[in-house]
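Engineer: sequence first, predicted model second:
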Amino acid sequence: MSRLIVVSNRVAVPSRKGGATAGGLAVALNDVLAHRGGLWFGWSGRIGERQQTASLVPQGNVTYAVCDLSQDDHQEYYNGFANRALWPLLHYRLDLTEFARKDLAGYRSVNSYFADLLVEHVAPDDLIWIHDYHLIPLAEALRERGVNNRIGYFQHIPWPSLDIFLALPNHAEIGRALTACDLVGFQTRKDADNFGSYLVEEAGAFASGKRLFAVGGRALRTGVYPVGIDRLGFARTAARAARSRFIQEVGESLGGRTMMIGVDRLDYSKGLTQRLDAFERMLQTAPDWRTHVTFLQITPKSRADIPEYAAMQRALGEAAGRINGQYGEVSWTPIRYINRSYNRNELAGLYRLARVGVVTPLRDGMNLVAKEYVASQDPDDPGVLVISRFAGAASVLDGALIVNPYDIDGTAAAYVKALMMPLEERRARWRRMWQGLANTDIGGWADRFLSDLEEVDRDRPYRGFPHSNGTVHA
Ligand SMILES: O=P(O)(O)OC[C@H]1O[C@H](O[C@H]2O[C@H](CO)[C@@H](O)[C@H](O)[C@H]2O)[C@H](O)[C@@H](O)[C@@H]1O
Ligand SMILES: O=c1ccn([C@@H]2O[C@H](COP(=O)(O)OP(=O)(O)O)[C@@H](O)[C@H]2O)c(=O)[nH]1
């Protein structure tokens, strides 16, 4: 088996502050590398001087290779082009997209820096797997440095429709950069279809079917690989956590009330204000639930230097305060709004304690919290998941109550339905979702992507494409 090199901006270096945060990419890749071993290259999470070589941290079967970013790198590449231009645009938020040439230059420069450091560690048979929108130019930069290995790229966040993507001033550069890969993977069929349309309509690619392209004299495959979780591991953790002192104390603090839960980074893509607005609407329109339900919203701060995130933090704090002020009683606070992060064990126990899990992003590549909520439930007495139709996870969790997060009345009605759902229906819906999780288990996700990457026929880029006489290239 070839050695795996995983590359991502965020690297979960064990016991290093600033490395791992509450984010699905780090969580997913951690699981993959723990099973398969290899090299994990990326940002150390620290700001300092640029390095001449990556710092190596060997740990079991994984070697972490990380490097610091300069203050300007962090500002232009991470806060700037990645998170103020690409993130909003790829989440369909043209209204929040801020394109600056200086940030673009920083983005290119950090990708070149990563390529310079990484190339020193690449052996001829290694499989290289690049992750996410921070590193779209990396495959091209590696090819320029003579790397001929198989390179795959996985997009954790949505790929929007053509009209949206064309609003990016340098869309041609970004789109072309991915054609240096052998395989490009997406979370959903829609994302992969959108990228395919872009290749054909704007990048001069020829398509054979929906997932094979000839572009720039090379073959490029695309595929759909919805990222998952270790469902059995999570279920075990949740069952154990339910007996912990921490969860017992939280349970006692509820005083017999039903709990709803939301767990999200503080991000405008997560639909948090709409979610609380819907809870407020429920308290208005279904007054019987007042004093009987507690909404626990865990929202660790994220990307806090970016103005749109700081504004979001203020808006959300105000919304929670307004609702608690309007409906709260001396003995009851409707919303427990918390800005710190919790570890996996604690979260698993909290998910299991909650009768309703609420996941209502306006757009989300996948959303692992939705899957973790399902995996944590007691099969004999499971809770109900309310999920936005715009989360990638909705496509594999068809036992959930699916809502349009822009529809505040509709979401409020779904909350009531979830709270009142009879046990038999809860069990039946949960069984369907548990099965859905089996199809996208984390090990299977990586195995499918990597075996497709190994099978790309690089020597015959036009294999499968039609000749002008109607026959097919062998
Ligand atoms: O690294 P940060 O800037 O702190 O942000 C955290 C991560 O957020 C995004 O996660 C995505 O990946 C998840 C796993 O595939 C997926 O479930 C979720 O829908 C995505 O939003 C981002 O894509 C990562 O690069 C960040 O590390
Ligand atoms: O306090 C927290 C909040 C979140 N998470 C984890 O962060 C990940 C969030 O991933 P998701 O795909 O839902 O969204 P993202 O933040 O990547 O956009 C999940 O595995 C959560 O369990 C965590 O460990 N602690």
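Structural biologist: Cool, got the structure. Ligands and ions are numbered 1, 2, ... in the order given.
Engineer: in the longest helix along the chain, what counts as buried?
Structural biologist: Residue-count comparison of every helix in the chain, with assignments taken from DSSP state H, identifies helix 307-327 as the longest. Neighbour-count burial for helix 307-327, with 16 or more other C-beta atoms under 10 Å as criterion, is recorded at 308, 309, 312, 313, 316, 319, 320, 323, 324, 327. In this view, the C-beta of every residue, glycine as well, is placed from N, C-alpha and C.
Engineer: in CSV: those, plus distance to ligand 1 and pLDDT.
Structural biologist: Formatted as CSV, the buried residues of helix 307-327 follow (distance: C-beta to the nearest ligand atom, whole Å; pLDDT from 0 to 100):
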residue, distance to ligand 1, pLDDT
308, 13, 95
309, 10, 97
312, 14, 95
313, 15, 95
316, 17, 97
319, 22, 97
320, 22, 98
323, 26, 98
324, 28, 98
327, 31, 98
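Engineer: which two among the residues you listed are spaced furthest apart?
Structural biologist: Farthest-apart pair in these is 308 and 327; separation 28.7 Å (C-beta to C-beta).
Engineer: residue 143 belongs to a strand, doesn't it?
Structural biologist: No: inclusion of residue 143 in a strand is not indicated when DSSP: H, G, I helix; E, B strand; the rest coil is applied; the result is helix.
Engineer: if I read this right, it contacts residue 180, doesn't it?
Structural biologist: Yes: proximity of residue 143 to residue 180 meets the contact threshold set by C-beta atoms under 8 Å, at 4.9 Å.
Engineer: and those two? Which one has more around it.
Structural biologist: Here residue 143 and residue 180 are compared on neighbour count by other C-beta atoms under 10 Å; more neighbours surround residue 180, at 21 against 17.
Engineer: my read: the more buried one touches residue 148, true?
Structural biologist: No: no contact is recorded between residue 180 and residue 148 when judged using C-beta under 8 Å, the distance being 11.1 Å.
Engineer: mind listing the strands the longest strand that the chain contains pairs with, and their directions?
Structural biologist: The longest strand of the chain (DSSP state E) is strand 38-47. Here strand 38-47 has these sheet partners by DSSP bridges: strand 4-10 (parallel), strand 62-69 (parallel).
Engineer: so is the first one next to ligand 1?
Structural biologist: Yes: for a cut-off given as C-beta under 6 Å from any ligand atom, strand 4-10 has contacts with ligand 1, namely residue 10.
Engineer: rewinding a little: next helix or strand past the longest helix of the chain?
Structural biologist: The helix or strand immediately downstream of helix 307-327 is strand 335-338, counting by DSSP states H and E.
Engineer: buried sites along that following strand?
Structural biologist: For strand 335-338, a neighbour-count test (16+ other C-beta under 10 Å) marks 335, 336, 337 as buried.
Engineer: show me what that strand is packed against.
Structural biologist: Contacts defined by 3 or more C-beta pairs under 8 Å, 6 or more residues apart in numbering; DSSP states H and E place strand 335-338 against strand 293-298, helix 307-327.
Engineer: what parts of this structure come near ligand 2?
Structural biologist: Residues of the chain found near ligand 2 (C-beta under 6 Å from any ligand atom) are 22-25, 27, 263, 265, 298, 300, 341-342, 344, 347, 366-369, 372.
Engineer: let's see it at 5 Å
Structural biologist: Taking C-beta under 5 Å from any ligand atom as the test, the list of the chain residues beside ligand 2 reads 22, 23, 24, 27, 265, 300, 341, 342, 367, 368, 369.
Engineer: what is the neighbour count of residue 114?
Structural biologist: Residues lying near residue 114 (other C-beta under 10 Å) number 26.
Engineer: okay, it: pLDDT?
Structural biologist: Note on residue 114: pLDDT of 98.
Engineer: ok, and the closest non-adjacent residue to the residue in the stretch 151-300 of the chain that ligand 2 sits nearest to?
Structural biologist: Taking C-beta to the nearest ligand atom as the measure, the stretch 151-300 of the chain has residue 265 as its residue closest to ligand 2, at 4.2 Å. Ranked by C-beta to C-beta, 6 or more residues apart in numbering and with sequence neighbours excluded, the top spatial neighbour of residue 265 is residue 302, at 3.8 Å.
Engineer: and that neighbour, how far from ligand 1?
Structural biologist: Between residue 302 and ligand 1 the distance, using C-beta to the nearest ligand atom, to the nearest Å, works out to 5 Å.
Engineer: residue 329 too?
Structural biologist: From residue 329 over to ligand 1 the distance is 36 Å, taken as C-beta to the nearest ligand atom.
Engineer: surely that residue touches residue 294?
Structural biologist: No: with contacts defined as C-beta under 8 Å, residue 329 does not count as touching residue 294, sitting 11.9 Å away.
Engineer: looking at those two, which one has more neighbours?
Structural biologist: Taking other C-beta under 10 Å, residue 329 and residue 294 do not tie; residue 294 has more neighbours (19 against 9).
Engineer: pick out the residue of this protein closest to ligand 2.
Structural biologist: Scanning the chain for the residue nearest ligand 2 gives residue 24, at 2.4 Å (criterion: C-beta to the nearest ligand atom).
Engineer: now the residue nearest to that residue when sequence neighbours are not counted: phi and psi?
Structural biologist: Nearest non-adjacent residue to residue 24, counting by C-beta to C-beta, 6+ apart: residue 368, 4.2 Å away. Backbone dihedrals for residue 368, given as degrees, to the nearest 10, come out at phi -80, psi -30.
Engineer: what's around residue 368, how many residues?
Structural biologist: The number of residues packed around residue 368, counting by other C-beta under 10 Å, is 24.
Engineer: oh, and call the first residue 422 from now on, that's how I've got it
Structural biologist: Shifting the count to begin at 422 puts that one at residue 789.
Engineer: list the contacts of it.
Structural biologist: The neighbours of residue 789, taking C-beta atoms under 8 Å, 6 or more residues apart in numbering as the test, are 445, 448, 449, 648, 650, 814.
Engineer: repeat the analysis, applying 7 Å as the threshold.
Structural biologist: Each residue near residue 789 by C-beta atoms under 7 Å, 6 or more residues apart in numbering is listed here: 445, 448, 449, 650.
Engineer: just residue 702 next, same as before
Structural biologist: With contact taken as C-beta under 7 Å, 6+ apart, residue 702 is in contact with 829, 830, 833.
Engineer: what segments of the stretch 522-671 of the chain are helices?
Structural biologist: Taking DSSP state H, counting those that start in this stretch to define them, one finds helices in the stretch 522-671 of the chain at 522-540, 559-565, 583-586, 592-598, 610-623, 652-662, 666-674.
Engineer: near ligand 1, which residues of the chain?
Structural biologist: Close to ligand 1, as judged by C-beta under 5 Å from any ligand atom, the chain has residues 431, 442, 444-446, 553, 577-578, 648, 785-789.
Engineer: columns pLDDT on top of these, output as TSV?
Structural biologist: Shown next, in TSV, are the residues of the chain next to ligand 1 (pLDDT from 0 to 100):
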residue	pLDDT
431	95
442	54
444	82
445	86
446	91
553	97
577	98
578	98
648	96
785	98
786	98
787	98
788	97
789	97
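Engineer: take those and keep only those in strands.
Structural biologist: Secondary structure of the residues of the chain next to ligand 1 is defined by DSSP E; positions in strands are residue 431.
Engineer: make CSV out of the residues of the chain next to ligand 1 and add distance to residue 621.
Structural biologist: Formatted as CSV, the residues of the chain next to ligand 1 follow (distance: C-beta to C-beta, whole Å):
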residue, distance to residue 621
431, 32
442, 37
444, 33
445, 30
446, 28
553, 24
577, 24
578, 22
648, 26
785, 27
786, 23
787, 26
788, 29
789, 32
